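>>> sequence first, then the predicted structure:
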Amino acid sequence: MKSQRWFLLVLSVLFLCARSTPTEANQTLSAAEQKVIDYLVKDWGEDYSVTTVDIAMKAVNVDQSDEIRFRIGSYIKTHPELHEIIRRWGWVTLVLTPDEKLIARALVNAEREGKSAPTLSELAHAVAISEPDVKRGLAMLERYEILTKGAKASGTSYRVMPRYIKWEPRLDFVFHNVSLVSGRQFSVN
């Protein structure tokens, strides 16, 4: 009887903690963020598209902000039931910008080949963007838990999370952006 009361007490505390802990799965979106989600859900699968968050933000005139994009991306990550495209291609395909995908691909390839991580300047040259943009991309990849920051003597000091090195092929880092004459933009893999 004593152990049963103890079990119920522990279960009650866990239940209360779980209810009071905010999670990204329970996040509420702003009206602008919901507008982006609505656009994506309607657009995904049309013309074989896997439209990304950044393209949708542009299409519905939402400010291009890493923070807004991260909130929308986190929502997509925790709500794969939104659309078959998320389950088929994976949330990473949909939430990363082209530059972030190229940065991730360069780091994945270096780790797979047993090379040291490229430096910021090497990444900037490879992706054809500025070093500050590489830093922003690395920060987003870390926030999405695709990279982890570690201590290294050379290179960027980031390491690719093992699940992204081993999964073959890295389709979520492969993309082609398409622009139609009508002005519609989307990505395909």
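Looks like it arrived, so ask away.

>>> what's the domain layout of the chain?
Domain segmentation of the chain under automatic domain parsing yields 28-96, 99-172.

>>> can you redo those domains as CSV with distance to residue 181 and mean pLDDT?
Every residue, glycine included, has its C-beta placed from N, CA and C. Output for these, formatted as CSV (distance: least, Cβ to Cβ, whole Å; pLDDT from 0 to 100):
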stretch, distance to residue 181, mean pLDDT
domain 28-96, 13, 92
domain 99-172, 25, 85
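
>>> which of those sits closest to residue 182?
Nearest of the domains of the chain to residue 182, taken as Cβ to Cβ: domain 28-96 at 10.9 Å.

>>> can you check the distance spanned by the closest one, start to finish?
21 Å (Cα to Cα, to the nearest Å).

>>> ok, now stretch 83-93?
Stretch 83-93: ends 13 Å apart by Cα to Cα.

>>> stretch 166-183 too?
Using Cα to Cα, the two ends of stretch 166-183 sit 37 Å apart.

>>> can you map out the strands along the chain?
With DSSP state E as the criterion, the chain has strands at 147-149, 158-160, 176-179, 185-188.

>>> so which of these is the most surrounded?
Most buried of the strands of the chain by mean neighbour count (mean count of other Cβ atoms under 10 Å) is strand 158-160; its value is a mean of 20.

>>> rewinding a little: now the strands of the chain as TSV including distance to residue 91?
TSV is the format used below for the strands of the chain (distance: least, Cβ to Cβ, whole Å):
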stretch	distance to residue 91
strand 147-149	16
strand 158-160	17
strand 176-179	18
strand 185-188	14
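
>>> which residue ranges of this protein form helices?
Assigned by DSSP state H, the chain shows helices spanning 2-20, 31-43, 53-59, 66-78, 84-89, 91-95, 98-112, 120-127, 131-143, 162-166.

>>> distance between the fifth one and the chain's centre?
Spelled out, it's helix 84-89. 14 Å (Cα atoms, centre = their mean, to the nearest Å).

>>> check the fourth one too.
Relative to the mean C-alpha coordinate of its chain, helix 66-78 is positioned 7 Å out (Cα atoms, centre = their mean).

>>> buried sites along that helix?
Neighbour counts over helix 66-78 (16 or more other Cβ atoms under 10 Å) mark 66, 68, 69, 70, 71, 72, 73, 74, 75, 76, 77 as buried.

>>> closest to residue 185 among these?
For the buried residues of helix 66-78, the nearest to residue 185 is residue 69 (15.7 Å; Cβ to Cβ).

>>> would you confirm that the closest one contacts residue 53?
Yes: the pair residue 69 and residue 53 passes the contact test of Cβ atoms under 8 Å, sitting 5.3 Å apart.
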